[in-house]
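> Could you look at this predicted model? Sequence included:
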Amino acid sequence: MSEPVLNSIASASELVVRFGNQVVLDRATVTILEGERVGLVGRNGSGKSTFLQIAAGVMKPDAGEFNQRRDLVVGYMPQMFELDEKATAHANILSGAQRVLDLIAEYELAPAESARSGILLDQIAHFDGWNLEHRIKSLITNLHAPDPERIVASLSGGEKRRVALCRALLARPDFLILDEPTNHLDTGSIEWLEDFLARYQGTCLFVTHDRYFLDRIATRVLDLSHGKFHSYDGNYTDYLIARAERQAVEEMQEHKRQKFLKRELAWVRKAPRARRTKSVDRVERYFEMAAQDTPEAELDVDLIIPPAPKLANRVIELCDVGMELGGRVLFQNVSLNLAAGERLGIVGRNGLGKSTLLKIMLQQLEPTSGVVEIGSRTEINYVDQNRLMLDDAKTVWEEVGEGSEYVRLGEENITLRGYLRRFLFTEERINTKIDQLSGGERSRVLLAKILKRGGNVLILDEPTNDLDLGTLRLLEEALVAFGGSVIVVSHDRYFLNRVCTAILAFEGNGVLRYGVGNYDYYVEKKLTEAKTIKSEPIKPAAPRPAAKPRKLKWKEERELEGMEDAILAAENEVARIEALFAEPDFFATHAADYPKFEAELRAARDEVARLYARWAELGEVAGTSG
């Protein structure tokens, strides 16, 4: 049986884009097919965001064409988005479905029996236009977006990004274009977005640094390198394997070419003049092979973290630390002793207090209760969530050098020029002003500026945002090789698994859980504990001596007799609701009722706990009277 032929919805032909002397797209050509989920990868500064802008119709290439299917509805969320600051979050999200709103307005004015009315009705149904409010509620709930009535000007940067993502997803366009959609999303929201896009009926083109997201969503990966696209079918893992195979073939072919050139050059030099005139073809073939381009090597950033000064026995120690902000208790009774060489990952939903805890460790905030002790040899290098502010008027040299021509790395000095070359800045780019750099180059400037500070405790708040996959991998390797201690707040599951030796999880309601191991081990252990609690009923507590033993009343005896059945029924209700949440299409069919089901599950679990406590209480009375 033949596979269905997929139609093209958009195509790029011979695209050229230059920024000054830098060519980011060099006659780049690619076709995007209907229903694909295309992950676009490449170095920071390679032109990924530029191509998304061209695909979204907000930028024109210097040369070449980008064509799309007629009447194609495009939805786009750029990295640098704009919202109506004076409007509510709800109004901004709803504006993403303006085309649908226009169709509904036209339908309501059209004569009921007209042909146009039927066409409009079909178009509205195609975009699920009658359920916009239900979908807004679902998006806000699942992406933990702010209250819909809040004014956008009052929101944080992360909250605004969630509103922009809700706006992009609401319209369910034919062609959805997302630039770093997982930035500033917590793990639960990322997993929901994975499920949403896996079921998405349209075509999706996206850029992300989240490798698990790429692995679970992409049906094709486009690698943008040296201005051209290389296409790989499958997900991120398939791409890594196929790219390695392609590079191996290229290296083998280049090796054969060099051997041929060496052999032929020796022949040309030794051959008598008379033979040379009779072997024109062989000589021409030599020059033809010599003129071929050598495959361009992918240069890697050479991340340097200066050697860590030796730590004392005490690094950072928290004793019964608690924090209350604005009348809300974020956490309490937190005790933690960071060990030398430990790499601690801090995880949890946004707004639970992760960044606040970092500021307490840095002694930038006084805790409401408890004590923070910093070791005598502890030298902290802190990378905050918003990174450093760069001066757009300065050059890369001035911004990173800060008046010095050398960078101190442990016991040696290296030239600033040599240091910047390790972050892939050429002689030309070293003297380029910050405001002329791409987003990726700005990220590399920040890394170069931050890491040269040294220290023996690195505290990183969301370090993976805005870094390309290659730089991320090198940052992971540098942190693993670092001799000091590391504390990192991140939602990047792949990063947490590669780097961390322990996890501190904010689980909500002020509960923090510490455990040795990486993120996957934390999740596995948590699931195992939940299953154990569910499968092993708590037995009634051992009876305690009572001052005045009493007998059970008749009603209490009947209650005790029926307690096991009541507990079983309550546990079955919990299992029923949990199974509902676990259904693959839960959010598709019950999104509007999510808060109601969440409340029912909480109430059912509370009922189980209450029944066990009552069973223990009645059992104690029965034991003392028997």
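On my side now, so go ahead. Because the structure is a prediction, the values reported are computed rather than measured. Residues are numbered from 1 along each chain as shown.
> what does stretch 24-31 rub up against?
Outside stretch 24-31, the residues that touch it by C-beta atoms under 8 Å, 6 or more residues apart in numbering are 8, 10-18, 45-47, 50-51, 61, 64, 222, 224, 226-229, 231, 438. For glycine as for every other residue, the C-beta is placed from the backbone atoms N, C-alpha and C.
> Mind checking which of those are buried?
By neighbour count, with 16 or more other C-beta atoms under 10 Å, those hold 10, 12, 15, 17, 45-47, 50-51, 61, 64, 222, 224, 226-227, 229, 438 as buried.
> residues contacting residue 160?
Contact analysis of residue 160 by C-beta under 8 Å, 6+ apart lists 81, 83, 152.
> Kindly report the same for residue 605.
Contacts of residue 605 by C-beta under 8 Å, 6+ apart are residue 574.
> State the helix or strand in which it lies.
helix 594-625 (DSSP states H and E).
> Sort out which residues of that helix are buried, please.
Those would be 594, 600-601, 604-605, 607-608, 611-612, 614-616, 618-622, 624, for helix 594-625 by 16+ other C-beta under 10 Å.
> try stretch 42-58
Buried residues in stretch 42-58 (16+ other C-beta under 10 Å): 42-56.
> Return the subset of those residues lying in helices.
Those of the buried residues of stretch 42-58 mapping onto helices are 48-56, per DSSP state H.
> could those residues go into a markdown table alongside pLDDT and distance to residue 131?
Compiled in a markdown table, those are given as follows (pLDDT from 0 to 100; distance: C-beta to C-beta, whole Å):
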| residue | pLDDT | distance to residue 131 |
| --- | --- | --- |
| 48 | 91 | 33 |
| 49 | 90 | 32 |
| 50 | 92 | 35 |
| 51 | 95 | 33 |
| 52 | 95 | 28 |
| 53 | 94 | 31 |
| 54 | 96 | 32 |
| 55 | 95 | 28 |
| 56 | 93 | 25 |
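> out of those, which one sits closest to residue 434?
Set against residue 434, the nearest of these by C-beta to C-beta is residue 49 (17.2 Å).
> Who are the contact partners of the closest one?
Residue 49 touches 78-79, 179, 207, 438-439, counting by C-beta under 8 Å, 6+ apart.
> Mind jotting down where the helices sit in the stretch 201-350 of the chain?
All helices of the stretch 201-350 of the chain, identified by DSSP state H, counting those that start in this stretch, fall at 211-217, 236-270, 273-278, 280-290.
> Please apply the same query to the stretch 51-200 of the chain.
Going by DSSP H, counting those that start in this stretch, the stretch 51-200 of the chain shows helices at 89-94, 98-109, 115-126, 132-142, 157-170, 187-198.
> relative orientation of the last one and helix 157-170 in degrees?
In this structure, helix 187-198 runs at an angle of 20 degrees to helix 157-170, with axes from the mean of the first three to the mean of the last three C-alpha atoms, to 10 degrees as the basis.
> and what of the third one?
With the same axes, to 10 degrees as the criterion, the two stretches helix 115-126 and helix 157-170 enclose an angle of 130 degrees.
> Need the contact partners of helix 115-126.
Helix 115-126 has contacts (C-beta under 8 Å, 6+ apart) with 100, 103-104, 106-107, 110-111, 129-130.
> Report how many residues lie close to the residue nearest to residue 153 when sequence neighbours are not counted.
Of all residues not flanking residue 153 in the chain, residue 85 sits nearest, at 4.3 Å (C-beta to C-beta, 6 or more residues apart in numbering). A count of nearby residues for residue 85, using other C-beta atoms under 10 Å, gives 12.
> Contacts only, for residue 85.
Counted by C-beta under 8 Å, 6+ apart, residue 85 has contacts 151-153.
> Show the backbone phi and psi for the closest residue in space to residue 360 that isn't next to it in sequence.
With C-beta to C-beta, 6+ apart as the criterion, residue 360 has its nearest non-adjacent residue at 5.2 Å, and that residue is residue 367. Backbone torsions for residue 367, taken as degrees, to the nearest 10, come to phi -70, psi 150.
> What distance do you get for residue 367 to residue 398?
39 Å (C-beta to C-beta, to the nearest Å).
> the more surrounded of the two?
The neighbour count for residue 367 versus residue 398, taken as other C-beta under 10 Å, is higher for residue 367 (24 against 15).
> circling back to that earlier point, pull out the buried members of the contacts of residue 160.
Counted by 16+ other C-beta under 10 Å, these give 83, 152 as buried.
> From the contacts of residue 160, pick the one nearest residue 413.
Using C-beta to C-beta, those come closest to residue 413 at residue 81, 42.7 Å.
> Contacts only, for that closest one.
Neighbours of residue 81 in contact, by C-beta under 8 Å, 6+ apart: 160-161, 164.
> Among the buried ones among the contacts of stretch 24-31, name the ones in strands.
Counted as lying in strands by DSSP state E, out of the buried ones among the contacts of stretch 24-31, are 10, 12, 15, 17, 64, 222, 224, 229.
> Can you name the residues that contact the first one?
Residues touching residue 10, when contacts are defined by C-beta under 8 Å, 6+ apart, comprise 31-32, 55, 66-69, 72, 175.
> now swap in the fourth one and tell me
For residue 17, the contact set (C-beta under 8 Å, 6+ apart) comprises 23-25, 47, 50, 54, 61-62.
> Farthest-apart pair in the residues you listed, please.
23 and 54 (14.6 Å).
> count of neighbours near the closest residue to residue 151 other than its chain neighbours?
Distance criterion C-beta to C-beta, 6+ apart; nearest residue to residue 151, sequence neighbours excluded, is residue 88 at 6.1 Å. Neighbourhood size, residue 88 [other C-beta under 10 Å]: 17.
> Show me the strands in the stretch 401-550 of the chain, by range?
Here the stretch 401-550 of the chain has its strands, by DSSP state E, counting those that start in this stretch, at 406-409, 412-415, 457-461, 485-489, 502-508, 511-516.
> Out of those strands, the one nearest residue 191 is which?
strand 502-508 (15.3 Å).
> hmm, back to that, from the contacts of residue 160, which is closest to residue 382?
For the contacts of residue 160, the nearest to residue 382 is residue 81 (27.8 Å; C-beta to C-beta).
> Look up phi and psi at the closest one.
Dihedral pair for residue 81: phi -100, psi 170, per degrees, to the nearest 10.
> and what of the one 4 residues further on?
Comment: the main-chain dihedrals of residue 85 come out as phi -60, psi -30, following degrees, to the nearest 10.
> cool, residue 483 as well?
phi -80, psi -10.
> what's the answer for residue 455, then?
Residue torsions, per degrees, to the nearest 10, at residue 455 are phi 100, psi 170.
> Could I get the contacting residues of the residue lying closest to it once chain neighbours are set aside?
Take residue 455 and drop its neighbours on the chain: the residue closest to it by C-beta to C-beta, 6+ apart is residue 381, 3.4 Å away. For residue 381, the contacting residues are 450-451, 453-455, 457-459, by C-beta under 8 Å, 6+ apart.
> Now residue 381: which helix or strand?
Going by DSSP H and E, residue 381 is in strand 380-383.
> Measure how far that strand is from the centre of its chain, please.
Distance of strand 380-383 from the chain centroid (C-alpha atoms, centre = their mean, to the nearest Å) equals 22 Å.
> what is the rounded mean pLDDT of that strand?
Summarised as a single mean, pLDDT over strand 380-383 is 86.
> Give the partner strands of that strand in its sheet and their orientations.
Strand pairing for strand 380-383, using DSSP bridges, gives strand 457-461 (parallel).
> The strand it pairs with vs strand 485-489, what angle?
10 degrees.
> for strand 457-461, what is the average pLDDT?
Averaged across strand 457-461, pLDDT comes to 90.
> Residues contacting it, please?
By C-beta under 8 Å, 6+ apart, strand 457-461 touches 305, 311, 315-316, 338, 354-355, 358, 361-362, 378-385, 479, 482, 484-490.
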